[in-house]
Every structure is written in structure tokens, then in C-alpha cells.
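Undergrad: model this:
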Amino acid sequence: MSKLSTLVSVVIPTYNRREETCEAIESVLAQDLAGVEVIVVDDGSTDGTGKAILDRFAGSIRFVYQHNQEKSIARNRGITEATGKYLCMLDSDDLMLPGAISAMLECFRINKEADAVYGLSVRQRQDESLLEPDETLDYPEGDILTEYMERRLINNNSYMIKRELMLSCGMYKEVLTNHEDYELLLRLTARLKFFFCRTRVCLVRRSKQSAKDNTDKIIEQGVKAIDELFSTDNLPDKLLKQKDKLYAKEYLQLATACYHSGRTKEYRLYYKKAGELCPSLVRGGKYLRRYILSFVK
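TA: Below you'll find the model as predicted:
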């Protein structure tokens, strides 16, 4: 295999998304760089996803099947199977936009100190219209932990990282079924230098998974993502100093899920926990309004 063919690997985990996964694969194969390695990890699909992929892309991609073990394990399987110097992740219901890989590689070329490179995301609204990114904002470079905490300006599909650094930073926490990408990006932005490629790199599409299913997952997992984050050895001091604020943010997300599920007593419980840790997050705004409304719902 030539050096070019292993320069970039793209990992696509999937579960029961036959058509969406084929579209995701096509978006990578259509990139303007030859020889990109595409690794699809089928996490035990039962809808014919694997057959559809092999029928259409045999010889063009690497296909790995495993019994259903959830997305974090599927992603890690793909990372360990990858051979590229650089690594991108792509969720199976999303698309890589034209020129994304070339733009991120060029950013690496210009910024020799870069450990990872990120770009802009286009998001699909519920009515399927597109929400374009705000290009007038400042997009930080280098140490971006603080900005990432405030704005979550990177998602699972919008960055490229040196594979060796993904491996050394621990990859995804396999016990997590929700917020696993957020937890990982907190660790990565706390340790690595990120640079901005100034290009739209992914389209985040509306998943067919119901909002209720996602809400149920948030409630079921609770604040486990942050528990896992702070159980990691040798975290940088700048991340340890953010512990209370990160727990407060996670409690507010959990509170929001409870509110939308009609579990108002639990909303008040988690709202108070967030306020005890970081009072500034709950003063005024939607969280306080919901707290008041929770007594009459």
C-alpha cells in the first residue's frame, strides 16, 4: 500500500442505517484526494446494512462487522483498524462535504505545530432546511479548551487528528452511550493544539432516531460522561479547574431532558445541583423560567 493510500483514514460506525451509511461513504469517496481509507464498522445491524454496503462498495472500502456493542466500541474498533497517519470520524447519518479532507490537510501543512485541525459544520434543521455556520465569529487556535466548553465549536465529524495522538489520548470511553464524543473532545482540547481550516467540512443531518429516545438516553446515563472524564489519570490542571462548571453544565443538560419528559421534580433537583456548583449558569434565562414553570406543569 502506498504512502498516499494511508495518509488519511475515515472511520464510519453504523447500526441499522442502510441508506444513510451508503450516502456517508459516497461523500468520502467523492473527496478530491485519492486513496483515502474508508473503514465502516457495522455494529450488529439487522436491516441489511452490511449487505448493502458490500454490494455497492466492495473493494473500495474496508468493512468490519461486530456484534452490537454500542457506538463507542465501534468507533474504537475502527480507530485501531485504521492505517492512516491522520484520522477523521464520520457518523453514518452525516456527510463529509466536498474538499474537506484536502482543506484540513492543508491546514496541517501550514501549521506545523498542529495536533488536530477542525472546520465548520452545516446543520440540518427539523424542517430539513440548512443552518449555515456563522463565519463572522472568531474561531480559536492552539489551546481552545475554554472556547470549546463555551461554544462546542467542534463535533464528532468536523475535525482531523493525528492517529497516534488519538490512540495516546485514550480514544472513546466505551462505557458511555451518550456524550461520548463531548467527553473525548474535552480531553483532546485540554491536551492538544487545534487549528482552524476555515472550510465547511461536514453536514450534520437530522437523525431518524426519535427525540424521545435521545432524551431517554440522557436521563439514563446522567452525569456519567463527566464522571468518566474526571476518572482519567493525569488530566491537565486547566481541565481539573473546570470540574465544577463542567458538572454544572451536565446537570443542566440532564435537567433539560427531565423537563421535556415531564419529570419536573427531577428537573428541580438537577437545577439546584447545577446552581450549587456554578450559580452564574442558572441565574435568569430559560433554566430559571423552567424552574418556576415546573411547579405548575
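Undergrad: residue closest to the middle of the chain?
TA: residue 156 (2.5 Å; Cα atoms, centre = their mean).
Undergrad: Can I take it that that residue is in a strand?
TA: No. In this structure, residue 156 is coil, not part of a strand, as judged by DSSP: H, G, I helix; E, B strand; the rest coil.
Undergrad: tally of neighbours for the closest residue in space to it that isn't next to it in sequence?
TA: What sits nearest to residue 156 in space, not counting adjacent residues and going by Cβ to Cβ, 6 or more residues apart in numbering, is residue 181, at 4.0 Å. All C-beta spots, glycine's among them, are computed from the backbone N, C-alpha and C. Number of residues near residue 181 (other Cβ atoms under 10 Å) recorded here: 20.
Undergrad: The chain: helices as residue ranges?
TA: Using DSSP state H, the helices of the chain run over 18-29, 49-57, 71-81, 100-110, 145-151, 163-168, 180-191, 211-221, 224-229, 237-240, 243-260, 264-277, 285-293.
Undergrad: Would you single out the least confident of those helices?
TA: Mean pLDDT is lowest for helix 211-221 among the helices of the chain, at a mean of 80.
Undergrad: Need the per-residue pLDDT for residue 297.
TA: Confidence at residue 297, expressed as pLDDT, is 66.
Undergrad: just residue 208 next, same as before
TA: On the pLDDT scale, residue 208 is placed at 59.
Undergrad: begin at 42 from here
TA: With 42 as the first residue, the last one maps to residue 249.
Undergrad: related to what we said a few turns ago, so which of the helices of the chain is nearest residue 84?
TA: With Cβ to Cβ as the measure, helix 112-122 is the member of those nearest residue 84 (4.2 Å).
Undergrad: dump the residue contacts of the residue nearest to residue 197.
TA: Residue 222 makes contacts with 130, 196-197, 213, as judged by Cβ atoms under 8 Å, 6 or more residues apart in numbering.
Undergrad: before we move on, what about residue 224?
TA: Residue 224 sits next to 214, 217, 266-267, 269-270 when contact means Cβ under 8 Å, 6+ apart.
Undergrad: Same question for residue 72.
TA: Contacts of residue 72 (Cβ under 8 Å, 6+ apart): 137, 139-143.
Undergrad: Got the domain ranges for the chain?
TA: Split into domains by automatic domain parsing, the chain comes to 45-245, 252-334.
Undergrad: Show me the beta-bridge partners of residue 130.
TA: When bridges are called by DSSP bridges, residue 130 pairs up with residue 52.
Undergrad: Going through the contacts of residue 72, which ones are buried?
TA: Taking 16 or more other Cβ atoms under 10 Å as the criterion, what is buried in the contacts of residue 72 is 137, 140-142.
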